[in-house]
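Asker: Dropping a prediction and its sequence here:
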Amino acid sequence: MRRIAGLLLLALGPVLVLGVLFVLPVTGMVSQGFWVDDRFAPGEVLQVLARPRVHRIAWFTLWSSGIATLVAITLGLPVAYALHRLALPGRTTLRAAMLVPFVLPTVVVGVAFRTLLGEGGPLGFLGLDGSPVAIVAGMVFFNVAVVIRAVGAAWESLDPRPGEAAAALGASPIQVLRTVTLPALRPAIIGAASVVFLFCATAFGIVLTLGGVRYGTIETEIYFLTTTIFDLQAAAALSVLQIVVVVLLLALSARLRHVPDPTAHRVVARPRAVRLADWPVMTATVLVLSFVALPILTLVAGSFQVGEGWGWGNYRALTTTGDNQALLVPVTAALLTSLRTAVDATWMALALGLMVSVIVTRRSQSISERRVRSLLDGFFMLPLGVSAVTLGFGFLITLDSPPLDLRDSPLLVPMAQALVALPLIVRTLTPVLGGIDDRQRQAAASLGASPWRAMLTVDLPVVWKPMLAASGFAFAVSLGEFGATSFLARDDQPTLPIVIYRLIGHPGEMNFGMALAASVVLATATACVMVAVERLRVPSVGAF
Amino acid sequence: MLSMREVSVRYGDTLAVDRVSLDLPEGGVLAVLGPSGCGKSTLLRAVAGLEPLSHGSIDVDGRDLAGVPTHRRGFALMFQDGQLFAHLTVARNVAYALKLRRTSSSRTAARVQELLDLVGLGDYGDRLPATLSGGERQRVALARALAVDPRLLLLDEPLSALDATLRERLAGDLREILQVAGTTALLVTHDHEEAFALADGLAVMRAGRVVQAGPIEEVWRAPVDEETALFLGYARVLHGDAAVRVLSVAGLERAPAVTSAVASAVASAVTPAVALRRSALVVDETGGLSGRIESARATPEQVRLVVHAEHIGHLDAVAPLGSRVAPGDSVRLGVDVTRLAVLAITPRLDPSLD
């Protein structure tokens, strides 16, 4: 009992923070829909769910995310294999490069796909601009990195010997893949698939920029309902629907991930030299790499296009506010705001994430203690599945009166971004902390080290690199965060993604070019951070 | 049946296996013995087709295996820790190779039961590997490997992961199962007891090379050099005069094998040497060696002594349990000739022992 009390005391801080900054805004947002004129009216919420438009949007969300997940898994598996099991030249650089799309700001990806597929773009002749295919392609672009990362990390540390034993028993390479390798990778694949589906189903920036007015997902619909037609009831109904679906999905994937024998035999296998027989994998890898590179290259090329010629014009214009007064502040000012915000978001997310990780990874001594821990673990993962739009709007309507009047606080946006980054930090740190044998701490304690001292000697040397990597990851995610920020950023202090979105939507010759240039700047910043993170070689970064 | 000719395997700059030539007759069990890192596992993996050869050839029944991928070789490989497929039950693990060959399900079930009975795990079919003990896992791995009557069974330290008592018991079972099934097997191990328990042929490997090969009793009786002798479980190697003194007490100095070895040692200006097992010297009132006991330690089987003998130095010896021996006592030692080996030539000179 005392241990559980101590655990709860330790968890109090993070729980309070998450309670105020996450549960309160989300319930505030949701209760808007359930209370009409101070009267509890759940029936009206249900009526919203019966609207044909809602059906259409829910169905679109479901099938577009489903297809995007399938495609991302199919494309990601061969690349995960090639980059983690074959001795390809430059594979570490390629791995870092493959992580960049995931942290690219959603708006930037939207812009990149529009330049690629739009009229006059290199693939404009396909006529895919504004079609569901473009939306699915955008989602795949983002999430193939998640698959490569998550499955690749598992594949890299997969003991090759069961496969060799199977081959010696007469299994052909395909049979080994089907009967030994894929079953062993199943938890990683299902984990990746569920996270990818989650990201696709709650995708916001990408759908908003690529879907236009014709196609929307639940997430963009919530945005549309709250900001354009102020139908808070319907928005709340959709938020609830989304939360329910997400929780169900996470529970389902936890069940599917369950394997008969969870004891992991982790060894990093020596990468194998590429053979002629690897041509299908290599072809797939080259195709996927081109698919990822193409939009980025188009984006970069477009940013240098000024009128009929080439030049730095768009970049020079970043110090201005655009044609027709598109912006209130110059883009460079927005970049500074972005960096400042990201720094704040990073330290908040790191502090919170570190506490959470320590709490959930400490060894439990009783069943009830383990239950409390896994409950906390699930609680801290919630931000992963809740729409950033819901969160942003919830912030706006609940944190506006004393004692929690944060509307004008410069920390409002960083707080929201920190919550978005929190699950990623926790997912990076928990495998590392969980991997430390508790007996090491016991050994330190038996030699006379206090709990703090034991932490310094045992945990810190192992965890500082992952902490640095997680900070970089959080920084990159926060730089590109769009959903929550679009609600919370004050008009005179927009972040770079907000500015880019405004520039695309604003008529004016120069504005689109500026949007491209700003996107390149933002992409370069995130890419640099991610390359630095990759150099730290922490396998759990981005492996969910 | 299996024949390796000048087999070399290279990892980058290091030559893991260096021109190894070995033969394994049909139905035979050959053990490759060596310290860890000597290249024995690499050799096994090369036979399995998991490592490409950089030189040489491996054939089975006269057919070169170059270009035959692992899964077409018709061998079976059993790893140190079994490497059962964790997601399949015991029965489905054993049935794995049968399923690959599209055996009918009724025949598969019958064969699986037969094999599980053979390894003494008849009613374990529905269990998952995670619920088995180490020894049980090894048995299942063996059943799985034997399921389709492999032409050649490759065993990578099959018993090393087990504790001593279990190892002894399973070694006996394994030997019997291999004999009953008439399986040809290649075994690599660093444990000479495991090799003796299972094999009838022995090859000693060191730093990528085979330093000695032959029928197991022969290798055991006549190790080729000091290092091999120590690796085969000989407790101590004596050189020069000390060796000659022990041989003369044993009455062996005039035995033809010994005289020729000593003669050739003298001729090539190296010292003769003799390798002694711990039990080669026994406390015996009428023995020809005398010395003073330095330490005595009782084991379940006998009392183990370290004796300082005049003109020879330290020796290991044994006394029957219950003998009154204590440090400081003088004893006489007899020599058991079946428990020593004369080393033909020792290239190492150690003046301190002369």
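Answerer: Perfect, I can see it now. Nothing here was measured: the structure is a model prediction, and the numbers come from that model. Numbering: from 1, shown residues only, chains lettered A, B, ... in the order given.
Asker: What pLDDT is listed against A:P132?
Answerer: For A:P132, the pLDDT comes out at 87.
Asker: wait, I meant B:T271
Answerer: pLDDT recorded at B:T271 is 66.
Asker: A:L70 too?
Answerer: A:L70 carries a pLDDT value of 96.
Asker: doesn't it fall inside a helix?
Answerer: Yes: looking at A:L70 with DSSP: H, G, I helix; E, B strand; the rest coil, it is inside a helix.
Asker: how close does it sit to chain B?
Answerer: Distance of A:L70 to chain B, given as C-beta to the nearest C-beta, to the nearest Å: 23 Å. For the C-beta atoms, the positions are set from N, CA and C on the backbone; glycine is no exception.
Asker: The stretch 51-200 of chain B: helices as residue ranges?
Answerer: Using DSSP state H, counting those that start in this stretch, the helices of the stretch 51-200 of chain B run over B:90-100, B:105-118, B:134-146, B:164-181, B:192-198.
Asker: right, so those: which one is the most enclosed?
Answerer: Highest mean neighbour count among the helices of the stretch 51-200 of chain B (mean count of other C-beta atoms under 10 Å in any protein chain shown): helix B:134-146, with a mean of 24.
Asker: what sits against A:L422?
Answerer: A:L18, A:A349, A:L352, A:G353, A:V356, A:F380, A:P383 (C-beta atoms under 8 Å, 6 or more residues apart in numbering or on different chains).
Asker: Isn't the fourth one up against A:V426?
Answerer: Yes: judged on C-beta atoms under 8 Å, A:G353 makes contact with A:V426 at a distance of 5.1 Å.
Asker: Pull the number of nearby residues for the residue of the stretch 101-250 of chain B found nearest chain A.
Answerer: Using C-beta to the nearest C-beta, the closest approach of the stretch 101-250 of chain B to chain A is made by B:A130 at 3.9 Å. Number of residues near B:A130 (other C-beta atoms under 10 Å in any protein chain shown) recorded here: 14.
Asker: Please apply the same query to B:R45.
Answerer: Neighbouring residues of B:R45 were enumerated by other C-beta under 10 Å; the total is 21.
Asker: Show me what the helix or strand bottoming out on mean pLDDT in chain A pairs with in its sheet, parallel or antiparallel.
Answerer: Least confident helix or strand of chain A, by mean pLDDT, DSSP states H and E, is strand A:35-36 with a mean of 73. Here strand A:35-36 has these sheet partners by DSSP bridges: strand A:39-40 (antiparallel).
Asker: near chain B, which residues of chain A?
Answerer: A:159, A:161-162, A:164-173, A:175-176, A:179-180, A:183-184, A:186, A:259-261, A:263 (C-beta under 8 Å from any C-beta of the partner chain).
Asker: Can you say which of those residues are buried?
Answerer: Buried members of these, scored by 16 or more other C-beta atoms under 10 Å in any protein chain shown, are A:159, A:161-162, A:164-171, A:175-176, A:179-180, A:183-184, A:186, A:259, A:261.
Asker: Which element is encountered next along the chain beyond the helix or strand containing A:G302?
Answerer: Remark: A:G302 resides in helix A:279-303, with elements defined by DSSP states H and E. Next along the chain after helix A:279-303, taking DSSP H and E as the criterion, comes strand A:305-306.
Asker: can you list contacts of that next one?
Answerer: By C-beta under 8 Å, 6+ apart, the residues outside strand A:305-306 that reach it are A:G313, A:N314, A:G513.
Asker: count of residues packed around A:G212?
Answerer: Neighbours of A:G212 under the rule other C-beta under 10 Å: 15.
Asker: so where's the stretch 1-150 of chain A uncertain?
Answerer: Low-confidence segments of the stretch 1-150 of chain A (pLDDT under 70): A:1-3.
Asker: go again using 50 as the cut-off
Answerer: Across the stretch 1-150 of chain A, nothing is flagged by pLDDT under 50.
Asker: In it, what residue spans correspond to helices?
Answerer: Taking DSSP H, counting those that start in this stretch as the test, the helices found in the stretch 1-150 of chain A are A:2-18, A:24-34, A:42-49, A:52-85, A:91-103, A:106-117, A:132-156.
Asker: mind giving me a markdown table with these and columns for mean neighbour count?
Answerer: A markdown table is the format used below for those (neighbours: other C-beta atoms under 10 Å in any protein chain shown):
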| stretch | mean neighbour count |
| --- | --- |
| helix A:2-18 | 15 |
| helix A:24-34 | 20 |
| helix A:42-49 | 14 |
| helix A:52-85 | 20 |
| helix A:91-103 | 20 |
| helix A:106-117 | 27 |
| helix A:132-156 | 24 |
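Asker: What's the local residue count around A:A484?
Answerer: The local packing of A:A484 (other C-beta under 10 Å) involves 28 other residues.
Asker: Would you mind listing the residues in contact with it?
Answerer: A:A388, A:V389, A:L391, A:G392, A:F395, A:V413, A:A416, A:Q417, A:L419, A:V420 are the contacts of A:A484 under C-beta under 8 Å, 6+ apart.
Asker: Okay, and which of the residues you listed map to helices?
Answerer: Those of the contacts of A:A484 mapping onto helices are A:A388, A:V389, A:L391, A:G392, A:F395, A:V413, A:A416, A:Q417, A:L419, A:V420, per DSSP state H.
Asker: how about the residues you listed in a markdown table, adding pLDDT?
Answerer: Rendered in a markdown table, the data for the ones in helices among the contacts of A:A484 read as follows (pLDDT from 0 to 100):
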| residue | pLDDT |
| --- | --- |
| A:A388 | 78 |
| A:V389 | 79 |
| A:L391 | 82 |
| A:G392 | 81 |
| A:F395 | 81 |
| A:V413 | 88 |
| A:A416 | 87 |
| A:Q417 | 89 |
| A:L419 | 87 |
| A:V420 | 85 |
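Asker: can you tell me which of these lies nearest to chain B?
Answerer: The closest of the ones in helices among the contacts of A:A484, once distances to chain B are taken by C-beta to the nearest C-beta, is A:V420, at 35.3 Å.
Asker: give the contact list for the closest one.
Answerer: When contacts are counted by C-beta under 8 Å, 6+ apart, A:V420 touches A:P383, A:A388, A:L391, A:V477, A:S478, A:E481, A:G483, A:A484.
Asker: what residue ranges in the stretch 251-354 of chain B are flagged as low confidence?
Answerer: Checking the stretch 251-354 of chain B against pLDDT under 50 turns up B:346-354.
Asker: List the contacts of residue 291.
Answerer: All of this refers to chain A. A:L75, A:V140, A:F141, A:V144.
Asker: that's the wrong chain, I meant chain B
Answerer: B:G291 makes contacts with B:V307, B:H308, B:A309, B:E310, B:I312, B:L315, B:S330, B:V331, B:L333, as judged by C-beta under 8 Å, 6+ apart.
Asker: Looking at these, which are in helices?
Answerer: The helices, defined by DSSP H, take in nothing from the contacts of B:G291.
Asker: who does whatever helix or strand A:A237 lives in touch, helix- and strand-wise?
Answerer: Assessed by DSSP H and E, A:A237 sits inside helix A:232-257. Under the contact definition 3 or more C-beta pairs under 8 Å, 6 or more residues apart in numbering or on different chains; DSSP states H and E, helix A:232-257 sits against helix A:24-34, helix A:42-49, helix A:52-85, helix A:182-201, helix A:218-227, helix A:367-385, helix A:388-398.
Asker: can you do 10 Å?
Answerer: The contact analysis (3 or more C-beta pairs under 10 Å, 6 or more residues apart in numbering or on different chains; DSSP states H and E) places helix A:232-257 against helix A:24-34, strand A:35-36, helix A:42-49, helix A:52-85, helix A:182-201, helix A:218-227, helix A:367-385, helix A:388-398.
Asker: which of the contacts of A:L422 tops the neighbour count?
Answerer: Neighbour counts for the contacts of A:L422, by other C-beta under 10 Å, peak at A:A349, which reaches 29 neighbours.
Asker: Okay, and that one sits in which element?
Answerer: Assessed by DSSP H and E, A:A349 sits inside helix A:331-361.
Asker: chain center to the helix or strand encompassing A:V207, what's the gap?
Answerer: Here A:V207, judged by DSSP H and E, is contained in helix A:205-211. How far helix A:205-211 lies from its chain's middle: 16 Å, per C-alpha atoms, centre = their mean, to the nearest Å.
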